[in-house]
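Participant: What follows is a predicted structure for the sequence shown.
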Amino acid sequence: MTYLFLDLVFLAVAAAVLAVALVCTPDRARLVRRWWLPALVSGVVLLVLTIVFDNAMIAAGLMTYDPHTVSGARIGLVPVEDLAYPVGGLLILTGVWVLLRRRAA
């Protein structure tokens with residue numbers, strides 16, 4: 001199994017949770033208008049931090065990757081597949097937040 005396949009499964013589940021949450025919320029348009037920019041900024045910050053700290057951990061020898069399980073595309077030392085986890089986390093946590101939030105009466 002490759003990291004790319006695993007990432008695609010994880011991203012599909014995360015996107016499905018967010019899609020279900022948005023379909024189930026009655027104030028979807030207002031919610032999306034209000035939160036798209038903070039979500040985008042959070043995503044960029046997560047990606048930058050992932051790139052910086054994964055590069056440091058790989059350089060220190062804390063993590064290694066079998067060349068047969070990664071695509072070969074890298075940002076510094078980081079395989080691009082590693083960037084799917086913060087994106088997926090942002091999607092799934094946003095979806096869970098939308099599903100569990102209290103709605104104004």
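Facilitator: Cool, the structure landed.
Participant: Please count neighbours and contacts with C-alpha atoms only from this point.
Facilitator: OK.
Participant: residues of stretch 17-26 that come out buried?
Facilitator: Buried residues in stretch 17-26, defined by neighbour count with 16 or more other CA atoms under 10 Å: 17, 18, 21, 22.
Participant: ok, the second one to residue 92 distance?
Facilitator: As defined by CA to CA, to the nearest Å, residue 18 lies at a distance of 6 Å from residue 92.
Participant: Remind me which helix or strand the residue positioned nearest the centre of the chain belongs to.
Facilitator: With distances taken as CA atoms, centre = their mean, residue 87 lies nearest the centre of the chain, 1.4 Å away. Under DSSP states H and E, the secondary-structure element containing residue 87 is helix 84-100.
Participant: What segments of the protein are helices?
Facilitator: The residue ranges that make up the helices of the chain, judged by DSSP state H, are 3-24, 28-59, 84-100.
Participant: Tell me which of those approaches residue 69 most closely.
Facilitator: Closest of these to residue 69 is helix 3-24, at 5.9 Å (criterion: CA to CA).
Participant: Dump that closest one to CSV, restricted to CA.
Facilitator: Taking C-alpha atoms only, helix 3-24 is exported to CSV below (Å, rounded to 0.1, in the frame of the first residue of the first chain):
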residue,chain,number,x,y,z
TYR,A,3,1.0,6.6,1.2
LEU,A,4,-0.9,8.2,-1.7
PHE,A,5,-3.6,5.6,-1.6
LEU,A,6,-3.9,5.9,2.2
ASP,A,7,-4.1,9.7,1.8
LEU,A,8,-6.8,9.5,-0.8
VAL,A,9,-8.9,7.3,1.5
PHE,A,10,-8.3,9.6,4.5
LEU,A,11,-9.2,12.7,2.4
ALA,A,12,-12.3,11.1,1.0
VAL,A,13,-13.6,10.3,4.5
ALA,A,14,-12.8,13.8,5.8
ALA,A,15,-14.4,15.4,2.8
ALA,A,16,-17.5,13.2,3.2
VAL,A,17,-17.8,14.2,6.9
LEU,A,18,-17.6,17.9,5.9
ALA,A,19,-20.1,17.5,3.1
VAL,A,20,-22.6,15.7,5.3
ALA,A,21,-22.3,18.4,7.9
LEU,A,22,-22.8,21.2,5.4
VAL,A,23,-25.8,19.4,3.9
CYS,A,24,-27.4,18.9,7.3
